[in-house]
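[1] coordinates for the following, if possible.
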Amino acid sequence: MSFIIYSLPRSRSAWLAHFLNYPFTVPLQPVGHNLAPLCKSVERFVKAYKEEGMCGSVELEGMIGWQVIRKEMPDLKVVVMRRPLQEVYDSLTMLGYIPNLTELASLNAMLDIIASQPGVFSINSSDLDAPIACKWLFEYCLELDFDFDWWCQLTQLNVQVNIDDWRAMEGEMRENMALYKADVLEQMRDIKECLN
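    Residues are numbered from 1 along each chain as shown. You can find the predicted model right below:
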């Protein structure tokens, strides 16, 4: 069964996606990281799961489409990974990137809403330092027996998004994200009509 993990940036999301991209599965079960800005629409994002074999994804901005994604894939396992908002903001500024605090706070509030939904589990990013939390995530998301050696090997790695590459793609990512947001708003209209 497929999964999705929602988090704020700088919450060890890249490390988690790398950890869950377990290279010894047959066939491979690819796990993405922050793919929604590349997809331009929820339909394209869902297609990555349904037609292209993606097993899971750790999503940041893509969380704005969580209701549409849940409608399209109701059996998708959902986990929310939390890190205090101030720590996220501080971590981004230490990289020389001044984030929009209002947007971050809005995403943080959205994580609260997602975490309150039935069947959604919530963890703290600091929990990834403990093998018991990673064992649970590994077995819950991948439905495989925990590989302690794999976790131990990865604890030695500092996996991060390359901020220079990200800055080089920032304009294109903004355009793609605007298309994704517009698609979410359009599809949310249909969801809201169903509720009335």
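
[2] C-alpha from now on. contacts and neighbour counts both.
    Will do.

[3] does the residue nearest the centre of the chain have beta-bridge partners, and which?
    When CA atoms, centre = their mean is applied to the chain, the residue found nearest the centroid is Glu59 (2.0 Å). When assigned by DSSP bridges, Glu59 has beta-bridge partners Tyr6.

[4] residue contacts, it?
    The contact partners of Glu59, by CA atoms under 8 Å, 6 or more residues apart in numbering, come to Ile4, Ile5, Tyr6, Ser7, Ser13, His33, Asn34, Leu35, Ala36.

[5] now, of those residues, which are buried?
    Buried members of these, counted by 16 or more other CA atoms under 10 Å: Ile4, Ile5, Tyr6, Ser7, Ser13, His33, Asn34, Leu35, Ala36.

[6] that's a helix at the first one, yeah?
    To tie it back to what came earlier, the one meant is Ile4. No - in this structure, Ile4 is strand, not part of a helix, as judged by DSSP: H, G, I helix; E, B strand; the rest coil.

[7] hmm, it is touching Val58, no?
    Yes - Ile4 is within contact range of Val58, at 5.9 Å (criterion: CA atoms under 8 Å).

[8] just checking, Gly119 touches Val78?
    Yes - Gly119 is in contact with Val78 according to CA under 8 Å; the separation is 7.4 Å.

[9] show me where the protein has helices.
    With DSSP state H, the ranges of helices along the chain come out as 13-20, 36-39, 42-50, 66-72, 85-94, 101-115, 131-142, 148-155, 163-195.

[10] now the first one: average pLDDT?
    When you say that, I think you mean helix 13-20. Mean per-residue pLDDT for helix 13-20: 95.

[11] got the contact list for it?
    With CA under 8 Å, 6+ apart as the criterion, helix 13-20 contacts 7, 31-33, 57-59, 138, 141-142, 150-151, 154, 158-161.
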